[in-house]
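Chemist: quick one: sequence and predicted model below, then my questions.
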Amino acid sequence: MDTPLARRTIGRWLAAWAVSLFLLVLIGGGTRLTESGLSITEWKPVSGVIPPLTDAAWQAAFDKYKQIPQYAQMNAGMTLAQFKGIFWWEFIHRLWARVVGVVFVAPLVWLWIRRRIPRDLIPPLAALGVLMGLQGAMGWYMVASGLTARVNVSQYRLAAHLSLALVIYLYTVWTADRLLRGNDHGEGTGDGGRVTEHGRTTRRFLAALLGLAAITVVSGAFVAGLRAGHIYNEFPMMGAGLVPDGYAAMSPAWVNLFENPAAAQFNHRWLAIATLLAVVVVWFRARPRAAGTLRVRLDLVCVAAALQVALGITALLLSVPVVVGVAHQAGALLLLTTLTLALRQASRA
């Protein structure tokens, strides 16, 4: 059944699902910041929804954690009460991931049975389902990297896990907005709905901005994975200069981008500044000739970019406390969301 009502219904469902994805990414960020991700050493898709309920069960879970390098090298002497603190972070992360899956699958099955899914929406919805399955596998693949020789998860796998989460989230936001607002013909072009050269230029600029912002966010995963936010807690200097000593200490040179904490932090902070400056330039260029919803969304992009840089500098100066770190991650998602919505509006897809 392909009706405006059916499309709006699916759009509202996907918008609600996007909110659940947003929360999942934040919970994952808190799990990483509290070093809690390795506290559960097994993957039990069904029985894992039930936490330890007895003292014996808690002790058994703690004993399994004691067998991995992170306990021996970072948390030796940890009490059972302290273990429970990190266990709950990871448990809630995994539980919410399951909730997100149910929030996607249950409405999808209901709509399918009632034949309320338009044919053109079957491919994107199927793609989201496949990506969610891959994300679950990627999550365990990431955790497994920290259970043997390492004391934390691989920064490469962490970045891949975050990247896939962003693809799922932003694709959902784009699709939900398209269904809820339709094509919005006549808005944003300032020329009666006809696509102008200025509109095409704005669209290209916004696409480039979205790519730059996404690269900046993923570079933050390497900062988190290398614990690089706990060094050089000053701004704009890094030690004696703008560029830290040892930026290119590793060989070959490209390894510094992904395995050198000083280089990872330097790259992330200046990618963020470049993103903010690029947003301001595009805002000044595009806003005067934008109209309606597009103008509002361009304003939101500018505000989100400024807020995110402020949160990033605050997190750095305070050596990344959990609350500020999670807020910084929320700011990253907000910036990507506003850019996606502005690009969608400029594209009138």
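Modeler: Perfect, I can see it now.
Chemist: ramachandran angles for the residue nearest to the spatial centre of the chain?
Modeler: The structure's the chain has its C-alpha centroid closest to residue 166; by CA atoms, centre = their mean the separation is 4.8 Å. Main-chain torsions, residue 166, degrees, to the nearest 10: phi -70, psi -40.
Chemist: list the contacts of it.
Modeler: 25, 214, 217-218, 336 (CB atoms under 8 Å, 6 or more residues apart in numbering). C-beta: built from backbone N, CA, C; applies to glycine.
Chemist: again, 7 Å this time
Modeler: Neighbouring residues of residue 166 by CB atoms under 7 Å, 6 or more residues apart in numbering: 214, 217, 336.
Chemist: can you check residue 312 too?
Modeler: Counting by CB under 7 Å, 6+ apart, residue 312 has contacts 272, 328.
Chemist: recalculate using a threshold of 10 Å.
Modeler: Residues in contact with residue 312 (CB atoms under 10 Å, 6 or more residues apart in numbering) are 216, 220, 223, 229, 235, 268-269, 272-273, 276, 320, 324-325, 327-328, 331-332.
Chemist: again with residue 47
Modeler: Shown in contact with residue 47 (CB under 10 Å, 6+ apart): no residues.
Chemist: tell me the pLDDT at it?
Modeler: Residue 47 carries a pLDDT score of 83 in this model.
Chemist: mind checking how far it is from residue 98?
Modeler: For residue 47, the distance to residue 98 (CB to CB, to the nearest Å) stands at 12 Å.
Chemist: one more: residue 330?
Modeler: Taking CB to CB as the measure, residue 330 falls 22 Å from residue 98.
Chemist: neighbour-wise, which of these two wins?
Modeler: For residue 330 and residue 98, the more surrounded residue by other CB atoms under 10 Å is residue 330, and the numbers stand at 18 against 14.
Chemist: just the element for that one, please.
Modeler: Using DSSP states H and E, residue 330 sits in helix 322-347.
Chemist: report all helices and strands that that helix contacts.
Modeler: Using 3 or more CB pairs under 10 Å, 6 or more residues apart in numbering; DSSP states H and E, the elements in contact with helix 322-347 are helix 4-33, helix 155-181, helix 197-225, helix 261-286, helix 292-317.
Chemist: any idea which of those helices gets closest to residue 117?
Modeler: Of all these, helix 4-33 sits nearest to residue 117, with 7.1 Å by CB to CB.
Chemist: would you mark the buried spots in that closest one?
Modeler: Buried residues in helix 4-33, counting neighbours by 16 or more other CB atoms under 10 Å, are found at 6-7, 9-11, 13-15, 17-18, 20-22, 24-33.
Chemist: now swap in stretch 322-331 and tell me
Modeler: For stretch 322-331, by 16+ other CB under 10 Å, it's 324-331.
Chemist: where does pLDDT dip in the stretch 1-150 of the chain?
Modeler: Residues of the stretch 1-150 of the chain that meet the criterion pLDDT under 70 lie in 1.
Chemist: report the contact partners of residue 306.
Modeler: Shown in contact with residue 306 (CB under 10 Å, 6+ apart): 276, 279-280, 331, 335.
Chemist: before I go, just wanted to say thanks for your time.
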